[in-house]
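S.K.: give the three-dimensional model of this entry:
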Amino acid sequence: MAEPDTESFKLERKGQRFACPDGRDLLELAEAEGFSVSGVADELQLTNRQLEYAVERVAGLRPKELFRRQRMLLARRLVAEGYSLQVIAQRLGFKHYTHFASEVKSYFNLPPRQFQKSVRAMCPET
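M.R.: Next comes the predicted model:
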């Protein structure tokens, strides 16, 4: 089967968001698909490589890195909103808390509990 034309799928950047040709937001779609590159590609009826080309062209990042960044920004927001680390890990689609913990440590350079304290210290009491 011939690979469809990679030029036919174009993302449009709108601030920090990315609009698909059908109007859906790429990052919301990624969240709904558990931040899975192949899940998003399947949903958009693209190959992983086509999605990669489209995202790199607009964001300058590979989808995996863009989705990772979005996932960690959501983690920070959820910590600030008072959710427990366990709940955040589940909500963001991590199969095991240890995977979430290592991702937080890798991304923010802090262990999860320290990350949680740091974020909450910057947020006003609600």
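S.K.: against Ser84, how distant is the residue sitting nearest the centre point of the chain?
M.R.: Central residue of the chain (CA atoms, centre = their mean): Phe67, 2.8 Å from the mean position. Going from Phe67 to Ser84 by CB to CB, to the nearest Å gives 23 Å. Just so you know, the C-beta spots here come from the backbone N, C-alpha and C atoms, and that holds for glycine as well.
S.K.: my guess is Val79 contacts Arg120, does it?
M.R.: Yes. Val79 is within contact range of Arg120, at 6.7 Å (criterion: CB atoms under 8 Å).
S.K.: so which of the two has more stuff around it?
M.R.: More neighbours surround Val79 than the other of Val79 and Arg120, with 21 against 13 (other CB atoms under 10 Å).
S.K.: and that one, what does it touch?
M.R.: Residues counted as contacts of Val79 (CB atoms under 8 Å, 6 or more residues apart in numbering) are 85, 88, 115-116, 119-120.
S.K.: and the furthest pair within those residues?
M.R.: Taking CB to CB, the two most distant members of these are Ile88 and Arg120; they sit 12.6 Å apart.
S.K.: picking that back up, buried subset of the contacts of Val79?
M.R.: Among these, those classed as buried by neighbour count (16 or more other CB atoms under 10 Å) are 85, 88, 115-116, 119.
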